[in-house]
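1. pasting the sequence and the predicted model now:
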Amino acid sequence: MNRKTAWIVLAVCGTLGIGLALRAGAQDLSGLARAKPGRSRAVTSADPNPNSNRDRIGIIKPGETAVLADIKGPAVIRHIWLTFNEARPNWIDAAGSAAPNEIVLRMTWDDAAAPAVESPLGDFFGAGFGMRREINSVPVQVESGDGYNCYWPMPFHKRGRITITNESAKNIRSFYFHIDYTEEEKLPDDTAYFCAQYKQAFPEQPGPDYLILDAEGKGHYVGTVMSARSRSPFWFGEGDAKFYVDGDVNPTIQGTGTEDYFLMAWGLNETLYPYFGCTYMSTDFEDLGTEYCLYRWHIEDAVRFSKSLRFEIEHKGWISADETESGKVEGHVDREDDIATVAFWYQVGQPKRFTMLPPLAQRLLPDLDVVIEAQTIVPSVKHSPGVLELQKGSTWTGEGQLFFQPASDQPVLETEFSVEKEAYRGLILRMTGAEDFGIWRIFLDGKNIRQPDDYMAGRKIADYDFYSQDLKVKDYYLGSFKLAPGKHILRFEGVGRNPLAKGNYLGLDSVRLRERWMKKRKLLSTG
C-alpha cells in the first residue's frame, strides 16, 4: 500500500498524552483488529416513535436555539453528521430557509462559561458567504453541499453541549443530525479541548496583520478556514502567514504567501484535497469582487505551543494602477479586502476569548453595488429576431433575468441603463451561463469593452463565452469607469458558440456599479 495516498491516522492529541485519533482512511484498517475500551453511543434527531418518519427538528424559529447534544462525560465525540433545508425556495418551503451563515454553531465543554467552538455553521464546514459547497477532506466532508460531516475528536470530562442558533429572519426547516460518541472510563487530566473560533474584518484595516488566533495555554493548531472577497482589482494573496509561538517577538514560522499557505501555487483554483483546498472561487480571473473559500488542515504538521500561539496573516498583494502612487500596476502593496476566518486548535484548559462573534447584520458582506436590475431595462431593449422575456426564478436578482433566445447566428441586443450620479466605479455585468448560451461581444456607449488587462500576462478577453455545463450566474468585471449622469447604452453582439453549446442564448441578471477605493497606495517593496 502506498501510504502517501492513504488517509493516515492522526493522533491529534498524541503530544499531550491523549489516546485520540482522527478516523483512518478506508485503506488503513489495521486498527480494527484491536478491541478498544469504552462504549459507543449516539445522539440523533430520530423520532422516538418507531412508527414515525419525522426524524428531524421540523422548525427552529428565528431567534431560537436548539440543543443538539447534552452529553454526560467522560466522553469523546467522534463524528457529527447533519443536514437542513436550503435557503432558496424549494419543495420543502416555498420561501426557503435559513442560510448556513445565519445558523450559529456552538460547543461548550465541562460547563465552561463560554463556548470553545463558536462559528457560523457554513464557515465551520469550509464555506463562507452563506453558501453550501462540497468539501472532501480528512476531518471535514460535505457531500454535494448537503450532507455535513466532521470527524474532529471532541473530548470532555463532565459534560459536552452542542447547540445551533437561528439568527435568520426565516425558519430553519427539516434539521436532521446524528452525533456519534464514545463513553470513556476516564480521560487524562491534561486532555485537550477541541476549539474553533470565527473572526472577520470587513474590510481589513491598513497596517497591522490580520489576526486569526490569539491563544494562551498548551496545545496545537490544526486548521484554518478562510473566506475572502477582493475589494480591489488583481491578486489579494501575497500576504505571508505568521505563527508566533510561546511569545516569540518575531515570527517563529513565516510563510511565503497566501496561496502557498493554502498549499497551492501561482494563484488559486477550485480544488479539493485531503488537507487543503478551495471550495469556491467566484470568477476565473483575479477581479474586483472575486470571492474565495479556502481550507487548510494542519494534520501531519500541527503547530505546537506550550504557553501561547498568535497566528496572523498579512493583507498584501498586487493592485491596479488606479490605486497606486506610481500610477502603475504594483505587486506588493497593503490591500483592504474583506476576510472571514475560522481557527481550529486543541488546547489544555478552556480557551481565552480573544474575539466575539459579530451579530448577523455585521457578518453579511457590505453591499458595494449600485444595482440596476433586469426588469428596469427590459422596456428599452432592441434586438434582432428572437424571443425576449423576463425570466423569473430565485436564481436571479429581483424579478428575474433578461433572457434572449436569438433566431439567427449573428444576433444583436441593445439596452439602456441610467446613472444618477457621476462616480468612479467598477462596471460589473452579472450574467447567466448554461449549456445553451453563446459567445458575445459587449459594447458600452459604442466602444467595445473587454476584460481588463491581466497584470501578469497582459491579455484581454474580447469575447465572452457564456457556455457552462451547469447553470451558473456570475459577475464579469469589465473595468472601472467614471460614467456621466444620464443614459448609457449596452450592446451585445453574438459572435458564435462554444463547440459544446446547444445554443447561443444570452442572459443578463443585472448591471452593477461597484464601489472602488479612492486611495493611492505606496509600494512596500520591489521583491
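-> Structure received.
2. quick one: the strands in the stretch 51-200 of the chain, in order.
-> Taking DSSP state E, counting those that start in this stretch as the criterion, the stretch 51-200 of the chain carries its strands at 57-60, 65-72, 75-83, 103-109, 117-120, 135-136, 140-143, 147-150, 154-156, 159-166, 172-183, 192-201.
3. how about TSV for these, with distance to residue 376, mean neighbour count and mean pLDDT added?
-> Glycine gets a C-beta too; all of them are placed from N, C-alpha and C. Compiled in TSV, those are given as follows (distance: least, Cβ to Cβ, whole Å; neighbours: other Cβ atoms under 10 Å; pLDDT from 0 to 100):
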stretch	distance to residue 376	mean neighbour count	mean pLDDT
strand 57-60	36	16	95
strand 65-72	41	15	98
strand 75-83	38	21	98
strand 103-109	34	23	98
strand 117-120	33	24	98
strand 135-136	38	18	96
strand 140-143	37	19	97
strand 147-150	39	19	98
strand 154-156	51	27	98
strand 159-166	34	21	98
strand 172-183	33	20	97
strand 192-201	33	23	98
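4. run me through the strand neighbours of the strand or helix carrying residue 512, direction for each.
-> Applying DSSP states H and E as the criterion places residue 512 in strand 506-515. In the sheet containing strand 506-515, the strands it pairs with under DSSP bridges are strand 369-373 (antiparallel), strand 401-406 (antiparallel), strand 424-433 (antiparallel).
5. next, the buried residues of the next helix or strand after the second one.
-> Of the helices and strands lying after strand 401-406 in sequence (DSSP H and E), the nearest is strand 412-419. Along strand 412-419, the positions that meet the burial threshold by neighbour count (16 or more other Cβ atoms under 10 Å) are 412-413, 415-417, 419.
6. what's the answer for stretch 274-281, then?
-> By neighbour count, and taking 16+ other Cβ under 10 Å as the criterion, the buried residues in stretch 274-281 are 274-281.
7. go through these and flag which are in strands.
-> Among the buried residues of stretch 274-281, the subset assigned to strands under DSSP state E consists of 276-281.
8. distance from stretch 165-185 to the middle of the chain?
-> In terms of Cα atoms, centre = their mean, to the nearest Å, the gap separating the centre of stretch 165-185 from the centre of its chain is 21 Å.
9. cool, and stretch 191-201?
-> The offset between the C-alpha centroid of stretch 191-201 and the centroid of the whole chain comes to 17 Å, using Cα atoms, centre = their mean.
10. likewise stretch 285-292?
-> The gap between where stretch 285-292 is centred and where its chain is centred comes out at 13 Å by Cα atoms, centre = their mean.
11. let me see the mean pLDDT of that stretch.
-> Taken as a whole, stretch 285-292 carries a mean pLDDT of 91.
12. for stretch 85-99, same thing?
-> 91.
13. adding distance to residue 298, write the strands of the stretch 51-200 of the chain out as CSV.
-> Output for the strands of the stretch 51-200 of the chain, formatted as CSV (distance: least, Cβ to Cβ, whole Å):
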stretch, distance to residue 298
strand 57-60, 33
strand 65-72, 26
strand 75-83, 20
strand 103-109, 20
strand 117-120, 17
strand 135-136, 16
strand 140-143, 13
strand 147-150, 16
strand 154-156, 17
strand 159-166, 23
strand 172-183, 24
strand 192-201, 13
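14. which stretch among those strands comes nearest residue 246?
-> Set against residue 246 and scored by Cβ to Cβ, the strands of the stretch 51-200 of the chain come closest in strand 192-201, at 16.3 Å.
15. helices and strands around the closest one, which ones?
-> The criterion is 3 or more Cβ pairs under 8 Å, 6 or more residues apart in numbering; DSSP states H and E, and the helices and strands that strand 192-201 contacts are strand 103-109, strand 117-120, helix 121-124, strand 154-156, strand 210-216, strand 218-229, strand 338-348.
16. so which of these is the most packed in?
-> Mean neighbour counts were taken over the helices and strands packed on strand 192-201 using mean count of other Cβ atoms under 10 Å, and the top value, a mean of 27, falls to strand 154-156.
17. show me what that strand is packed up against.
-> In this structure, strand 154-156 makes packing contacts with strand 75-83, strand 103-109, strand 192-201, judged by 3+ Cβ pairs under 8 Å, 6+ apart.
18. can you tell me the closest non-neighbouring residue to the residue lying farthest from the centre of the chain?
-> Each residue of the chain has a distance to the centre, and by Cα atoms, centre = their mean the biggest one is for residue 385: 41.4 Å. With Cβ to Cβ, 6 or more residues apart in numbering as the measure, residue 407 is the residue that lies nearest to residue 385, at 4.2 Å, once sequence neighbours are left out.
19. could you verify my assumption that that neighbour touches residue 388?
-> No - between residue 407 and residue 388 there is no contact under Cβ atoms under 8 Å: 10.9 Å.
20. neighbour count: those two, which is higher?
-> Set side by side, residue 407 and residue 388 give different neighbour counts by other Cβ atoms under 10 Å, the larger being at residue 388 (17 against 10).
21. now that one, nearest residue through space, not along the chain?
-> Spatially, and ignoring its direct neighbours in sequence, residue 388 is nearest to residue 404 (5.2 Å; Cβ to Cβ, 6+ apart).
22. test my guess that the one you found contacts residue 383.
-> Yes - at 6.1 Å, residue 404 and residue 383 qualify as touching, with contact defined as Cβ under 8 Å.
23. with neighbour numbers in mind, choose between these two.
-> Taking residue 404 and residue 383 together and counting by other Cβ under 10 Å, residue 404 has the greater number of neighbours (27 against 18).
24. who does residue 227 form a beta bridge with?
-> Residue 227 forms beta bridges with residue 293, residue 340, as assigned by DSSP bridges.
25. got the contact list for it?
-> 123, 127-129, 291-294, 339-341 (Cβ atoms under 8 Å, 6 or more residues apart in numbering).
26. go through the helices and strands packed on strand 154-156 and name the closest to residue 483.
-> Going through the helices and strands packed on strand 154-156 one by one, with Cβ to Cβ as the measure, strand 192-201 comes closest at 30.2 Å.
27. for the stretch 351-500 of the chain, what spans make up the helices?
-> 360-363, 374-377 (DSSP state H, counting those that start in this stretch).
28. the last one packs against which elements?
-> Yep, that's helix 374-377 we're talking about. Using 3+ Cβ pairs under 8 Å, 6+ apart, helix 374-377 is in contact with strand 401-406, strand 412-419, strand 506-515.
29. can you give me how far the first one is from the chain middle?
-> The reference is to strand 401-406. 30 Å.
30. which residues sit against that strand?
-> 374, 377-378, 381, 383-391, 393, 395, 411, 413, 415, 432, 438, 473, 494, 503-509.
31. list the buried residues in it.
-> Neighbour counts using 16+ other Cβ under 10 Å place 401-404, 406 of strand 401-406 among the buried residues.
32. so which of those residues comes closest to residue 142?
-> Of all the buried residues of strand 401-406, residue 142 sits closest to residue 401, with 28.4 Å by Cβ to Cβ.
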